[in-house]
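Chemist: Structure for the following, please:
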Amino acid sequence: MQKSLFLFLALTLILGSCSKKSTVPTATTSSTATKAPALATAGDANKKVSDAKAIDVMKKYIAAIGGKEKLMGIKTMMTKMTGSTSMGEINITNYVKDGKSAMKTEMGGTTVMEQVFDGTAIQVSGMGGKQTITDAATIKAAKKQANLFEELDQLLSDKVVKKYMGMEDLNGKQVHKIMVIDEDKKESTQYFDVVTNLLSRTISPVDAMGSTSKQTMDFDDYKDVNGVMFPHMVKMSGGAIPFPLEMKITSMMMNSDLPDQLFKISNQIDDIKTPNLNFNSNESTTLGKSVIQLIRKDGVYILPDCKINGLLVKDFIFDSGASNVSISKTEASFMLKQGYITVDDFTGKENYEIANGEISEGLKINFREINISGIILKNVEGSVVLSNNAPLLLGMTALAKLGLKFNPTNGTLSK
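Modeler: Numbers count the residues shown, from 1 in each chain. Here you go, the predicted model:
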């Protein structure tokens, strides 16, 4: 699942000082639970034997999301997610490899924090400076959170006790309630949907900066990403988060070639910006499997987190009927004035057929870089339609170069 510790640390440091900490009401399960015979109780935390029912529920969950072998074959992962706060949109990119993590947090298009866990220490760098975290409890928790599939590790570990607590109603659905006691006797609770076997909620203790708090995470909108089911909507509340926060996953990559330097603690924040935080042309051909979730808006699909020559572009429409990339005269004029394109990028004139069948004159242009949710394409031939109201379109030619295919059933682009 997603790494709650790193989200917790980032959001605490970014948001905690900007809002008054308030008591956050979390959704509760129904008090009319369906009891099963011989259920565990909280007093069972000291017993070091897992029960068969809990193990069976967790095994069904692992099978539902792809199976043990499939999960163990995933060695690296990149996740991009976005959410809205009172201070604006927040975007988080998280990388995991070999028990190490790196994370980049942006707000309003500006990087406000970068965080690296190298396996022994955590360094957090931001506009207010940097700090290194080395206390044993936090590092131990970070190692657990840097595992790609924590529930699989819990299932396979003899040191982790799993207890079945019965069935309850959670947001109108029946769920199995499992108590998990780790080797430090810290208890967390997991709720699995009775019908789908998918994980619906976790309530876990989070250790950070010498204190412990409870954090609730609700998981929804599961989607298949290269044979593994991942929740694409995560709702967080409790702990040090001053208000409920909903994060939507916009893209994922698995088994891509993440460079080791990404996970090395640096003395300068800029040194942490490795190619996988700021991709270069060589890596555009070596990226692992990826899925980009398009946004449905007003009957069309919008590309999330899209940049042209470094400029963040909103309402960039994916058009399966278009052949190349096109922008309007308005966008071209702005980009030219701001230095995102130059006169040398224009390569000639050409006539184009627009959506209503009319022929419109345009300019041929070379876009030096198009970045779609971290996937980079260099030197893309496109056009400037000489109309102020022409939409921004991404066609199939650019996607074909990336090896991406459009799935109209779930609105995704994938390899």
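Chemist: Show me what the helix or strand hosting residue 152 is packed up against.
Modeler: Here residue 152 sits within helix 150-156, counting by DSSP states H and E. The helices and strands touching helix 150-156, judged by 3 or more Cβ pairs under 8 Å, 6 or more residues apart in numbering; DSSP states H and E, are helix 52-65, helix 68-72. Yep, even glycine has a C-beta here, placed from its N, CA and C like the rest.
Chemist: Where among those is average confidence lowest?
Modeler: Ranked by mean pLDDT, the helices and strands packed on helix 150-156 end with helix 68-72 in last place, scoring a mean of 90.
Chemist: Run through who's touching that helix.
Modeler: By Cβ atoms under 8 Å, 6 or more residues apart in numbering, the surrounding residues in contact with helix 68-72 are 62, 65, 148, 149, 152, 227, 228.
Chemist: re the thing from before, right, and the helix or strand after the helix holding residue 152?
Modeler: Stepping forward along the backbone from helix 150-156, the first helix or strand reached (DSSP H and E) is strand 161-170.
Chemist: other SSEs contacting that next one?
Modeler: Packing partners of strand 161-170 (3+ Cβ pairs under 8 Å, 6+ apart): helix 52-65, strand 173-181, strand 187-193.
Chemist: hang on, the earlier thing: from the contacts of helix 68-72, list just the buried residues.
Modeler: Those of those that meet the buried threshold are 62, 65, 148, 149, 152, 228, by 16 or more other Cβ atoms under 10 Å.
Chemist: The second one: what's it in contact with?
Modeler: Pointing back at residue 65 there. With contact taken as Cβ under 8 Å, 6+ apart, residue 65 is in contact with 71, 198, 222, 228, 229, 230.
Chemist: Low-confidence regions, the stretch 201-350 of the chain specifically.
Modeler: Across the stretch 201-350 of the chain, residues meeting the criterion (pLDDT under 70) sit at 207-211, 240, 242, 266-291, 321.
Chemist: ok, 90 please
Modeler: Across the stretch 201-350 of the chain, the ranges flagged by pLDDT under 90 are 204-215, 223-228, 236-307, 309-331, 338, 347-350.
Chemist: what about the strands in it?
Modeler: 211-225, 228-238, 245-254, 289-293, 295-297, 300-302, 306-308, 311-313, 317-318, 325-328, 346-353 (DSSP state E, counting those that start in this stretch).
Chemist: Any figure for the gap between residue 85 and residue 245?
Modeler: Separation of residue 85 from residue 245 (Cβ to Cβ, to the nearest Å) stands at 7 Å.
Chemist: let me redo that: residue 297
Modeler: Counting by Cβ to Cβ, the separation of residue 297 from residue 245 is 22 Å.
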